[in-house]
Structure formats: structure tokens, C-alpha cells
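*Asks:* sequence first, predicted coordinates after that:
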Amino acid sequence: MGISLLAYALVFALAFANGANDVSKSIDTLVGSGITNYRSAIIWGTVWTMAGAALAAFVASAMIKTFAHGLVQAGTVIEPAVTLAVLTGAMAWILLAARMGLPVSTTHALTGAIVGTGLVASAGEGLIWSAIGKKIALPLLVSPFLALTVSLLIHPAVRALGRKWEGACLCVMPASRALVTVDSQGGTRTLLQASSFGSPVMAVPSHCDRAGLQGLVVGLDTIHWISSGLASFARSTNDAPKIVAMLLLGSATASWPSTSSQLAAFGGVALAMGLGSYFRGRRVTEVLAEKVTRMNHAEGLSANLTTSGLVLAAGTLGLPVSTTHVSSSAIIGIGLLKGMSSVRWTTVRDMVLAWVVTLPASALLAFIAYLMFSGIL
């Protein structure tokens, strides 16, 4: 019972570390493009992160199977020290990287920890190396290049849309039951108006200041906020099941004893990711928001659309891509469109070095943790 409680505690600690390092990958563009400040962006990312992690309990069975038993030979006995070592190695490296302001991959850290522990516990004989290469290594290698390419391709269209929409807004007017557009010159056009009176369509009192209209304003900034929220949602939906799966490591069926235990595990992970995001998410956000390349509204929106689209697609297919790699590569791609000199290559060098070091570092930490746990359990 004590070991089980320790495993749960380490899972929640890993989720906290994940939130601290990864919330930045979806809110950095809000700060980098000047839409909002760090505090507001982090709160926004935290809310969407917790929502995505909670939903993962119902939609992420493929990801759980991959990490719970898809990397270990059938019939391999997983001793408690192995699970505890994997969790400790991944968690320690991610927390250390977050403290240093280095955006690293939870997927990479978990993979390195599993390999490192497997090598010391069974000389690697219990690992399915082909699955590690196909299901984890390949998506992790391909996703940065795919993200960079997608951001390069979609940004011209987003930039053109942004220029056309700049200064315009969409105004929902509850009192008049109307939907009105306001162009950059202040001209208004009614798109829709209800013919009968009744309850207001939306009781949100805001202002469409340009035309003096009462209603909810939807402009380019609003779309950017939404894209950032979706990126946070996609990221946590992809990451939460990898973390929770460690509680089922080596299981033949990757099934839960009961529905309540599954919901409790995901609920705890969602809360821990939220706490990590809120209390420790700023340092890495500063790196991605300010030290890679400067962004305007359209550039930040392009990066978020790339990140949310690719990560959601990967999560649906059960592919454990790294949000770190996808988001960072999308931002670099945006910078390249403005010229090589607009990208701070020293920061990119440090980020890539952190990516490379993550596998051996988490493997080494897990190796040490295994020696410690096997000696005392």
C-alpha cells in the first residue's frame, strides 16, 4: 500500500513538473505578440490545461496502451522499483529544466527514463525496441520538421486574413438580438437580427467601442486567445495519459481496477498539472515569448494553429508527439519567414541541446533512482 501511494505521489509530482514546463508552449504567443501579460496568459493556459487533462480520461485510451504496455515485452514482470524509478527520473529532469528555463519534452523524458531503467533492471531484454523506434522515436523526430513546414505554409494565409480583419470586429448585441460587423473605418453592417422579442441571446455586457454598440466583441485578438486555449487543451490531452499510464506500466491490458480509480488518477493529474502551470510556468514562458523571435498577432496565431492542429491530430491517432518540439519549431518557422537574423540562434541552440540531452539525462536519473529504490524496497 505504501509503494502504491508513493507511485501516485510521484505521478502527481511528474504532472506538476509537466505543467511547469509545458504550459508555456501554448501561451507564449499571447505574451510575445503583446496581447496580454504573463499572469493573464498563465491563468488562461492553466484553465485549458486542466480541462484537457480531465477530458483525456475518456478519449486517450490509445496513448495509455502505448505507454503502459506497448513498450515492454508481454509477460515481463515490472517490479515496483522500476515504476518508481521511471517516474523519479522523468520528474527530476523536467523540474530541473523548468527551473533553468529550458523547454523540454515530457515524452522524451519518460522514454529516456523507461529505457534507462530497463537497461539496468533487465539489460534491455524486456523492452520492445521496434515499438520504441516506431511509436515514439519516429514521431518525435518528424514532428519538429512537420511543425516548421506547416507554420511556413499557413502563415501567409493567416497574415492576409489578419491584415483584412485588423481594426474590425464582430459585435453580438443581446438587447437588439442582432449580430453586427464593424469595419476598420467604423462602418457597421447587420448580419442577423431576430424578428421576435424574447430572452437575450447572450447576457454578456461588453462594448464595441468603435461604433458605440453594446455587445460581445469578437476580433483578431479573440481568435488568438481561442487558438492559445485550444493549444493548451491539445497539449494536456496528449500529455496527461502518458503520465497516468505509468501507474499501469507493464500491465497486459492497461485496464483500471474500477472507473472511479481511473477518474481519480486523471483528476489528480489534471489538478497537479494546473498547479504546476500556475505557480511555476513563467520561467519557460519567458524564453519562448521573448528570446526566440518577436511576434505580432498574425504570427502568434499561426504558431498556435500549427501547434493545436498537429498535437490534437497526433493525440487522436495515439502518437506521442512532443508539444515542446511542435510549438518551438512553429515559432522558429515564423521567425524564418522574417529572415535568418530575426531568430535568436543562441536560444535555439540551447533549446535543441536540451532536447538532445533529455533522453540521456532522464535515463541517468532513472538509473540512479532504480539503484536507490531496489536497495530499500
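*Replies:* Ah, there it is.

*Asks:* so which helix or strand takes in the nearest residue to G32 once chain neighbours are set aside?
*Replies:* Excluding its sequence neighbours, the residue lying closest to G32 (CB to CB, 6 or more residues apart in numbering) is A289, at 3.9 Å. Any C-beta I mention is one placed from the backbone N, CA and C, and that applies to glycine too. Following DSSP states H and E, one finds A289 within helix 282-290.

*Asks:* what mean pLDDT does that helix have?
*Replies:* Averaged over helix 282-290, pLDDT sits at 84.

*Asks:* from the contact counts, what lies against the helix or strand just after it?
*Replies:* Later in the chain than helix 282-290, the nearest helix or strand by DSSP H and E is helix 297-317. Packing partners of helix 297-317 (3 or more CB pairs under 8 Å, 6 or more residues apart in numbering; DSSP states H and E): helix 24-32, helix 138-165, helix 220-244, helix 323-337.

*Asks:* do you know which of these lies nearest V47?
*Replies:* Closest of these to V47 is helix 220-244, at 7.7 Å (criterion: CB to CB).

*Asks:* quick one: distance of that closest one to the chain centre.
*Replies:* In terms of CA atoms, centre = their mean, to the nearest Å, the centre of helix 220-244 is set 6 Å apart from its chain centre.

*Asks:* please apply the same query to stretch 148-155.
*Replies:* 19 Å.

*Asks:* how about residues contacting it?
*Replies:* Outside stretch 148-155, the residues within contact range by CB atoms under 8 Å, 6 or more residues apart in numbering are 298-299, 302-303, 305-306, 309-310, 329-334, 336-337.

*Asks:* rerun at 10 Å
*Replies:* With contact meaning CB atoms under 10 Å, 6 or more residues apart in numbering, stretch 148-155 is reached by 158, 162, 298-299, 301-307, 309-310, 325-337.

*Asks:* show me which of these are buried.
*Replies:* By neighbour count, with 16 or more other CB atoms under 10 Å, the contacts of stretch 148-155 hold 158, 162, 298-299, 301-307, 309-310, 325-335 as buried.

*Asks:* report the central residue of the protein.
*Replies:* R235 (2.6 Å; CA atoms, centre = their mean).

*Asks:* so what's that one closest to, chain neighbours aside?
*Replies:* In space, R235 is closest to T323, 4.2 Å off (CB to CB, 6+ apart).

*Asks:* does that neighbour touch A231 like I think?
*Replies:* Yes: counting by CB atoms under 10 Å, T323 touches A231, with 8.0 Å between them.

*Asks:* so I78 sits in a strand?
*Replies:* No: using DSSP: H, G, I helix; E, B strand; the rest coil, the assignment for I78 is coil, not a strand.

*Asks:* just checking, it touches L249?
*Replies:* Yes: the criterion here is CB under 10 Å, and I78 meets it with L249 at 5.5 Å.

*Asks:* from L87, how far off is P80?
*Replies:* Applying CB to CB, to the nearest Å, the value for P80 to L87 is 11 Å.

*Asks:* compare the two (neighbour count), which wins?
*Replies:* Higher neighbour count among P80 and L87: L87, with 28 against 15, using other CB atoms under 10 Å.

*Asks:* quick one: contacts for the more buried one?
*Replies:* 6-14, 110, 113, 117, 243, 246-247, 249, 366, 369.

*Asks:* try it again at 7 Å.
*Replies:* By CB atoms under 7 Å, 6 or more residues apart in numbering, L87 lies in contact with A7, L10, V11, L14, M246.

*Asks:* for the spatially closest residue to it that is not a sequence neighbour, phi and psi?
*Replies:* Excluding the flanking residues, the one nearest L87 by CB to CB, 6+ apart is L10, at 3.8 Å. Backbone geometry at L10, expressed as degrees, to the nearest 10, gives phi -70, psi -30.

*Asks:* and L10, how far is that from Q262?
*Replies:* For L10 relative to Q262 (CB to CB), the value is 18 Å.

*Asks:* the two: which has the busier surroundings?
*Replies:* The residue with more neighbours, out of L10 and Q262, is L10; 22 against 18, by other CB under 10 Å.

*Asks:* and the end-to-end length of stretch 290-302?
*Replies:* 17 Å (CA to CA, to the nearest Å).

*Asks:* got a list of contacts for it?
*Replies:* Counting by CB under 7 Å, 6+ apart, 29-30, 32-33, 35, 151, 154-155, 158-159, 162, 220-221, 223-224, 227, 331-332, 334-335, 342-344, 347-348 sit against stretch 290-302.

*Asks:* average pLDDT for the longest helix seen in the chain?
*Replies:* Looking across the chain with DSSP state H, the single longest helix is helix 345-376. On average, the pLDDT along helix 345-376 is 88.

*Asks:* does anything pack onto it? Which helices or strands?
*Replies:* helix 80-99, helix 106-122, helix 323-337 (3 or more CB pairs under 7 Å, 6 or more residues apart in numbering; DSSP states H and E).

*Asks:* between helix 106-122 and it, find me the angle.
*Replies:* Per axes from the mean of the first three to the mean of the last three CA atoms, to 10 degrees, the angle that helix 345-376 makes with helix 106-122 is 30 degrees.

*Asks:* checking V180 next. Helix, strand or coil?
*Replies:* Under three-state DSSP, the three-state class of V180 is strand.
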